[in-house]
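Colleague: Okay, here's the prediction I keep looking at, along with the sequence it came from:
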Amino acid sequence: MHNQLNKMQALPAFSVDERLDRLNALQKAIQNNKQAIIKAISSDYGHRASSETLLAEVLVNLEDIKHTIKHLPDWVKADKWTADWKFWPSRCAIEPEAKGVVGIMAPWNYPFNLVAGPLTAAIAAGNRVMIKPSEVTPKTAQFIKTLLAEVFSEDEVHVVLGDVDIADEFSRLPFDHLLFTGSTRVGKIIMRNAAENLTPVTLELGGKSPVLIDRDYSLDKAAKSIAKGKWFNAGQTCIAPDYVLIEADRVRPLIDALKKHTIDAYPSIDRNNDDFSCVVNNRHFDRLQGLLKQLPQEQIIALYPDYQSQGNRMAPVIVNQPDQQSELMQEEIFGPILPIVAVDDLSEAIDYINRGDKPLTLYLFSNKRQTIRRVKQHTSSGSLAVNETLVHFAQQRLPFGGIGASGMGSYHGYQGFVTMSHMKSIYYQSRLNGNDLVRAPFTKIKKKLINWMS
């Protein structure tokens, strides 16, 4: 791997025309391989809903590439202006340049999307790229390697397959930038490894994304959005609603509304229903079952009480008022379990959120400007989504990223281009140069001039 990186770092950055050519080719390859993407991911999962894959792995990336191709000619232009009046008539500029070789480490929950998205940003910025797909989804990883080999040469985009040891070695390479998507725990390891080479990192991590529901907001509308967002990909989404905070007298009506909208969306969750996805593997299925086994039985509300487990297909479950110190409420759930926590009011809900790590996303259901303003001002999160779940990820003009334990840095659209670029500062000294008027030797006249300017 190290030799390959050295070879790629010795090569020039892509020209703008080359970037557009590769992005167009990548767009065409994704369009021509939709069914192959669906098949590969579903094979790794045991079953992944085909419509979910089309939406989250294909459509989002095609829109991202389309947006990037359209705006790239403007993004690459230097930003120029006249220098401060003291240095007139000199000029300044900020000019984006490629960083070199970008490393991308992708997770298993959206194994194609979270390769293609960062790759689009890296290519747009003119970089060459090395990619380590997740070993948890090996068939998708192999498919990614095969597909990208049709679009890029080995010295343009190089895909590395392998286990956790290979991933650890990959993160220790002296990249010019490294983007990792995954858990906070592993993110700390990646950052520590990258620090050995002073490699700048973008960490897209997880966390417990809370939901707040204003007392005056329709519980039915909120429940519909929460259910659709939480059960998408069986809850295996970094921005999935992790838990709901709501007043105690509204807990039962919310549970009833969630039940209704869950059954409406998924009349059944057995193998005959293509719309409901499996948990990715036995290990994660057992982890989720283990979280439930730690809880008192009366807290667990099975939405499909007659369902018998079929492989890794796990039925959605609501947990009513779990203890805050339980493992369920301390760790990111990443599965079809939705805790509901009773609070007295909005102030207590905000305090509850602020006692934990800063989340990747905070969901607020409210039509009141003062409530929205209050939540914005008194909480901190990677993003805030008002009155809808998940879809903010698909907005190309919105940067996507976390803060604190939920990550650092961001990408998508122009922000992705900036993240993957070195924004070089350039100063152009004019032929008319008066800088000696404030340089040694400091005569009385020069001192007076400096004092006047100060």
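Modeller: On my side now, so go ahead. Residues are numbered from 1 along each chain as shown.
Colleague: Which parts of the stretch 101-250 of the chain are helices?
Modeller: Assigned by DSSP state H, counting those that start in this stretch, the helices in the stretch 101-250 of the chain fall at 113-124, 138-151, 164-171, 184-195, 219-231.
Colleague: Show residues contacting the longest one.
Modeller: So the one you mean is helix 138-151. The contact list for helix 138-151 (C-beta atoms under 8 Å, 6 or more residues apart in numbering) reads 22, 25-26, 29, 33, 36-37, 40-41, 43-44, 111-112, 115, 119, 131, 133-135, 157, 159, 161. Every C-beta, even on glycine, is put in place using the N, C-alpha and C of the backbone.
Colleague: Using TSV, please lay out the helices of the stretch 101-250 of the chain together with mean pLDDT and mean neighbour count.
Modeller: Converted to TSV, the helices of the stretch 101-250 of the chain look like this (pLDDT from 0 to 100; neighbours: other C-beta atoms under 10 Å):
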stretch	mean pLDDT	mean neighbour count
helix 113-124	98	28
helix 138-151	98	19
helix 164-171	97	16
helix 184-195	97	17
helix 219-231	98	22
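Colleague: Distance to Asp256 added to those, as a markdown table?
Modeller: As requested, the helices of the stretch 101-250 of the chain are exported to a markdown table (distance: least, C-beta to C-beta, whole Å):
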| stretch | distance to Asp256 |
| --- | --- |
| helix 113-124 | 34 |
| helix 138-151 | 38 |
| helix 164-171 | 43 |
| helix 184-195 | 34 |
| helix 219-231 | 8 |
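Colleague: Compare those helices and give me the one nearest Leu245.
Modeller: Nearest to Leu245 among the helices of the stretch 101-250 of the chain is helix 219-231 (11.8 Å), distances taken as C-beta to C-beta.
Colleague: Just the buried ones from the contacts of helix 138-151?
Modeller: Neighbour-count burial (16 or more other C-beta atoms under 10 Å) applied to the contacts of helix 138-151 gives 22, 26, 33, 37, 40-41, 44, 111-112, 115, 119, 131, 133-134, 157, 159.
Colleague: With respect to Phe170, which of the residues you listed is nearest?
Modeller: Using C-beta to C-beta, the buried ones among the contacts of helix 138-151 come closest to Phe170 at Ile131, 9.2 Å.
Colleague: hang on, isn't Ile69 packed against Asn24?
Modeller: Yes. At 6.6 Å, Ile69 counts as touching Asn24 under the criterion of C-beta atoms under 8 Å.
Colleague: Give me the more crowded residue out of the two.
Modeller: Ile69 (17 against 14; other C-beta atoms under 10 Å).
Colleague: pLDDT weak spots in the stretch 251-400 of the chain?
Modeller: Within the stretch 251-400 of the chain, no stretch has pLDDT under 70.
Colleague: Where does Ser380 sit: helix, strand or coil?
Modeller: coil (DSSP: H, G, I helix; E, B strand; the rest coil).
Colleague: Spatially, what comes nearest to it if we skip its sequence neighbours?
Modeller: Nearest non-adjacent residue to Ser380, counting by C-beta to C-beta, 6 or more residues apart in numbering: Lys358, 4.9 Å away.
Colleague: My reading is that the one you found is in a helix; is that accurate?
Modeller: No. Counting by three-state DSSP, Lys358 is located in no helix; its state is coil.
Colleague: Number of residues surrounding it?
Modeller: By other C-beta under 10 Å, 18 other residues sit near Lys358.
Colleague: who's in contact with it?
Modeller: Lys358 sits in contact with 207, 380-382, 402-406, where contact means C-beta under 8 Å, 6+ apart.
Colleague: quick one: it from Ser277, how far?
Modeller: Distance, Lys358 to Ser277, by C-beta to C-beta, to the nearest Å: 28 Å.
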